[in-house]
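Student: Below are the sequence and a predicted model for it; my questions follow.
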Amino acid sequence: MSTLPTTSVGYVTFLYLHLYVMLFVRERMVRLQHENQLLKMQSTSDENSQLLQSMLDDANAHKHELECQVRSVLYSCLLRLFRASPVISVSKTTIHSAIVLSHFYVQQQLLL
């Protein structure tokens, strides 16, 4: 158990030392609180970026599915069109080229 100094110089020194320790502890607490706030903000932003990345991946997967459906519909429509016309001789390469061109046209129209 500590005892207080009996001389006035010792007592003043003790008060200064006590004040110094209290200020040091207070400063350290403020720094730790600030660091804790920064870490919380960083973890929140990491969670948000993970959530956004997950949403982006889902949107890209859905976009890919829709593009596949569009290609399939275009292919079947063009195939019916070419089969219905007895004048046009069609190969799979021609149908594929028509699909690619129509798909390119659709993308250009979406960009406008």
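Tutor: Sure thing, it's come through.
Student: tell me, how many neighbours does Tyr75 end up with?
Tutor: 16 (other C-beta atoms under 10 Å). C-betas here are computed from N, CA, C, even on glycine.
Student: Report all helices and strands that the helix or strand where Thr13 lies contacts.
Tutor: Thr13 belongs to helix 8-84 when elements are defined using DSSP states H and E. Packed against helix 8-84 by the contact rule (3 or more C-beta pairs under 8 Å, 6 or more residues apart in numbering; DSSP states H and E) you find helix 92-111.
Student: Let me see the mean pLDDT of the helix it packs on.
Tutor: The average pLDDT for helix 92-111 rounds to 65.
Student: where in the protein is pLDDT low?
Tutor: The model of the chain has pLDDT under 70 over residues 1-11, 82, 84-112.
Student: ok, now with 90
Tutor: 1-26, 37-54, 60, 63-112 (pLDDT under 90).
Student: any idea how far Asp58 is from Val12?
Tutor: Separation of Asp58 from Val12 (C-beta to C-beta, to the nearest Å): 69 Å.
Student: what's the answer for Ala61, then?
Tutor: Applying C-beta to C-beta to Ala61 and Val12 gives a distance of 74 Å.
Student: Kindly report the same for Ser54.
Tutor: 63 Å.
Student: Next: Met29.
Tutor: 26 Å.
Student: Output stretch 50-63 as PDB - backbone C-alpha positions only.
Tutor: Extracted in PDB, the C-alpha atoms of stretch 50-63 (Å, rounded to 0.1, in the frame of the first residue of the first chain):
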ATOM      1  CA  GLN A  50     -18.500  -7.900 -50.200                       C
ATOM      2  CA  LEU A  51     -22.300  -7.300 -50.400                       C
ATOM      3  CA  LEU A  52     -21.900  -5.200 -53.500                       C
ATOM      4  CA  GLN A  53     -19.600  -7.700 -55.100                       C
ATOM      5  CA  SER A  54     -22.100 -10.500 -54.400                       C
ATOM      6  CA  MET A  55     -24.900  -8.400 -55.900                       C
ATOM      7  CA  LEU A  56     -22.700  -7.600 -59.000                       C
ATOM      8  CA  ASP A  57     -22.000 -11.300 -59.500                       C
ATOM      9  CA  ASP A  58     -25.700 -12.100 -59.200                       C
ATOM     10  CA  ALA A  59     -26.600  -9.400 -61.700                       C
ATOM     11  CA  ASN A  60     -23.900 -10.600 -64.200                       C
ATOM     12  CA  ALA A  61     -25.100 -14.200 -63.900                       C
ATOM     13  CA  HIS A  62     -28.700 -13.000 -64.600                       C
ATOM     14  CA  LYS A  63     -27.500 -10.900 -67.500                       C
END
